[in-house]
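Q: After the sequence you'll find the predicted model.
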Number of protein chains: 2
Amino acid sequence: MCPRPYRLGRRLAAGEKTRAQIVAAARKVLMAPEGPAAFSIDAVAHEAGVSRMTVYYRFESRRGLLEALFDDLAARGRMDRLAGAFRHADPVEALSEFIGVFTGFWASGRLLIRRLHGMGTMDPELGRALRAREERRRHGLDVLVRRIAERRSLPPSMTPEDVVDLLFALTSFETFDALVSGKRRPRDVAALIRRLATFVALGETSRIS
Amino acid sequence: MCPRPYRLGRRLAAGEKTRAQIVAAARKVLMAPEGPAAFSIDAVAHEAGVSRMTVYYRFESRRGLLEALFDDLAARGRMDRLAGAFRHADPVEALSEFIGVFTGFWASGRLLIRRLHGMGTMDPELGRALRAREERRRHGLDVLVRRIAERRSLPPSMTPEDVVDLLFALTSFETFDALVSGKRRPRDVAALIRRLATFVALGETSRIS
DNA sequence: ATTTATTTATACTGACTGTATAGCTAAAAA
DNA sequence: TTTTTAGCTATACAGTCAGTATAAATAAAT
């Protein structure tokens, strides 16, 4: 009855462990060649060696599980490197590194992200959740474009909004995904995107190592 | 028992009519604010004023219905104008018109296409079917890039494959969709895409009306 | 009149999401 | 130890959906 302080020690550790197991299982199931249609709470629970109810207990719903999966993906995607990009003195260098970080992220879980995005268009609520997480990218570009505009000048007859939106589209997962092919590795895709991005931001091609 | 010749007259007309009704209903249901999750054979049949079994009789399956919906969309999307683009003497002009045709198509059914693409990532079979229909776009770009390479020269250190793939990404629905906003109408999006496309194809910005 | 295409009614299987409820186990606190 | 609590499970249920099977009704074409 009376709530008493309850410090979680090994309980928490155990809880996080099963949580991680379930997320890992979700990733595996969603990546399976059977396709995203095979993604069900049942399948994930079975893959995780856990009961179906445990999944609901941990993630509330299918949507909650997918959001958690996306967050886990972002955490693994070395997005922490993003801070480093913004420390560059030259904002064009910063943009280049920005592109490197995101192409790296997209490359780290291509199939998974593609399918998660698909689920996001199916479930509007999930879509909003995913898009909210992507707003950070737009904001980052906004900052970079502002910095570039301060030192150099943006291409004439293009508003800063145009530049930001174009860069947002260029650095999107969909663009990356469309450009990866058998011959062209993520590294090469990043180079292509950098070339277009510098054109968009400066109106010219400047050499970047 | 013995098959006798059977010319469909009014039968065919009636059949096509219910077929069209169902497709129209499918479009309506898929566009509904309740989201694509509300898309079910039941809902479509009810909207079309037809029994559920009729939908199966006409389209085999949910996937068949969605493919038919996509084809109907393409038929309505004035894709016939594409032929005109290729009749231009100047391939850069042709590319410009090519972009106009596709942005027009994307704009004609934005929400619908977005959701259809989402369904395509969920159902691999449907995804293949939709992608096959998009291969015409890639092929068209391939032809245009070849023509451009004949007269002018493509940007150095970019292979023709790079150029085609970049144009393919730039003229994709996803890019278009990302660039449309409250302020920027489809017409303006087309202008932005043209600017980038000419840069990709020529390595410079040349003025296009 | 008869064949045939089209449409419907009904009933079923199987898979899925989500909820409710009670019970079990082991860690944490008294 | 005893009690409280978090985590996990078993079971059962409601509701939705896709797809199949089957028989039947309707009306056009012959």
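A: It's in.
Q: And the residue nearest the centre of chain A?
A: Computing the C-alpha centroid of chain A and ranking residues by Cα atoms, centre = their mean puts A:Ala74 first, at 5.3 Å.
Q: The helix or strand encompassing that one near chain B anywhere?
A: Per DSSP states H and E: A:Ala74 is located in helix A:62-76. No - judged by Cβ under 8 Å from any Cβ of the partner chain, helix A:62-76 stays clear of chain B, getting no closer than 11.0 Å. (Each C-beta comes from the backbone N, C-alpha and C, glycine too.)
Q: for that helix, what is the average pLDDT?
A: Averaged over helix A:62-76, pLDDT sits at 94.
Q: what about stretch A:121-137 and chain B, touching?
A: Yes - Stretch A:121-137 reaches chain B (Cβ under 8 Å from any Cβ) through A:Thr121, A:Met122, A:Asp123, A:Pro124.
Q: Spit out the contact partners of the nearest residue to the first one once chain neighbours are set aside.
A: If the residues on either side of it in the chain are set aside, A:Thr121 comes closest to B:Gly118, at 3.0 Å by Cβ to Cβ, 6 or more residues apart in numbering or on different chains. Residues near B:Gly118 by Cβ atoms under 8 Å, 6 or more residues apart in numbering or on different chains: A:Gly118, A:Met119, A:Gly120, A:Thr121, A:Met122, B:Pro36.
Q: after the helix or strand harbouring the third one, next one along is what?
A: Secondary structure from DSSP H and E places A:Gly120 in helix A:110-122. Following helix A:110-122 in sequence order, the next helix or strand is helix A:124-151 (DSSP H and E).
Q: by contact count, what packs against that following helix?
A: Under the contact criterion of 3 or more Cβ pairs under 8 Å, 6 or more residues apart in numbering or on different chains; DSSP states H and E, helix A:124-151 touches helix A:62-76, helix A:91-108, helix A:110-122, helix A:160-170, helix A:186-202.
Q: Give me the buried stretch members for the helix or strand just after the first one, please.
A: Put plainly, it is helix A:62-76. Downstream of helix A:62-76, the next assigned helix or strand under DSSP H and E is helix A:81-85. Residues of helix A:81-85 classed as buried by neighbour count (16 or more other Cβ atoms under 10 Å in any protein chain shown): A:Leu82, A:Ala85.
Q: per-residue confidence averaged over helix A:81-85?
A: Helix A:81-85 comes out with an average pLDDT of 93.
Q: related to what we said a few turns ago, just the residues of stretch A:121-137 next to chain B now: which is nearest B:Val200?
A: The shortest approach to B:Val200 among those belongs to A:Thr121, at 27.3 Å (Cβ to Cβ).
Q: pLDDT weak spots in chain A?
A: Across chain A, the ranges flagged by pLDDT under 70 are A:1-13, A:205-209.
Q: Break it down into its structural domains.
A: For chain A, automatic domain parsing gives the domain ranges A:4-60, A:74-202.
Q: re the thing from before, include distance to B:Gly100 when you put the helices and strands packed on helix A:124-151 into JSON lines, please.
A: Putting these into JSON lines (distance: least, Cβ to Cβ, whole Å) gives the following:
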{"stretch": "helix A:62-76", "distance to B:Gly100": "36"}
{"stretch": "helix A:91-108", "distance to B:Gly100": "29"}
{"stretch": "helix A:110-122", "distance to B:Gly100": "26"}
{"stretch": "helix A:160-170", "distance to B:Gly100": "18"}
{"stretch": "helix A:186-202", "distance to B:Gly100": "21"}
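Q: Kindly present the ones you listed as JSON lines, with separate columns for distance to DNA strand C.
A: Formatted as JSON lines, these follow (distance: least, Cβ to the nearest atom of the strand, whole Å):
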{"stretch": "helix A:62-76", "distance to DNA strand C": "3"}
{"stretch": "helix A:91-108", "distance to DNA strand C": "25"}
{"stretch": "helix A:110-122", "distance to DNA strand C": "11"}
{"stretch": "helix A:160-170", "distance to DNA strand C": "30"}
{"stretch": "helix A:186-202", "distance to DNA strand C": "31"}
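Q: Compute the number of surrounding residues for A:Gly104.
A: 16 (other Cβ atoms under 10 Å in any protein chain shown).
Q: so of the domains of chain A, which one's packed in deepest?
A: Most buried of those by mean neighbour count (mean count of other Cβ atoms under 10 Å in any protein chain shown) is domain A:74-202; its value is a mean of 18.
Q: Now do that domain: distance from first to last residue.
A: 30 Å (Cα to Cα, to the nearest Å).
Q: do the same with stretch A:47-54
A: Stretch A:47-54 end-to-end distance (Cα to Cα) = 13 Å.
Q: Need the residues that contact it.
A: Residues from elsewhere that reach stretch A:47-54 (Cβ under 8 Å, 6+ apart): A:Thr18, A:Gln21, A:Ile22, A:Ala24, A:Ala25, A:Ala26, A:Lys28, A:Val29, A:Ile41, A:Asp42, A:Ala45, A:Val55.
Q: buried stuff in the helix holding A:Ala74?
A: Result for helix A:62-76 [16+ other Cβ under 10 Å]: buried residues A:Arg62, A:Leu65, A:Leu66, A:Glu67, A:Ala68, A:Leu69, A:Phe70, A:Asp72, A:Leu73, A:Ala74.
Q: what about the nearest residue to the second one once chain neighbours are set aside, distance to chain B?
A: Distances taken as Cβ to Cβ, 6+ apart place A:Phe59 nearest to A:Leu65, at 4.1 Å, with adjacent residues excluded. As judged by Cβ to the nearest Cβ, to the nearest Å, A:Phe59 and chain B stand 19 Å apart.
Q: A:Val44 is in contact with A:Phe59, correct?
A: No - between A:Phe59 and A:Val44 there is no contact under Cβ atoms under 8 Å: 9.4 Å.
Q: Can you check which residues contact both of the two?
A: A:Ile22, A:Leu65.
Q: now stretch A:133-145, how far from the chain's geometric center?
A: 13 Å (Cα atoms, centre = their mean, to the nearest Å).
Q: cool, and stretch A:54-74?
A: 16 Å.
Q: hmm, stretch A:20-39 in reach of DNA strand D?
A: No - using Cβ under 7 Å from any atom of the strand, stretch A:20-39 stays clear of DNA strand D, coming no nearer than 8.2 Å.
Q: residues making contact with that stretch?
A: By Cβ under 8 Å, 6+ apart, stretch A:20-39 touches A:40, A:43-45, A:47-50, A:54-55, A:58-59, A:65-66, A:68-69, A:72-73, A:111-112, A:115-116, A:118-119, B:121-124.
Q: This completes my enquiry, with thanks.
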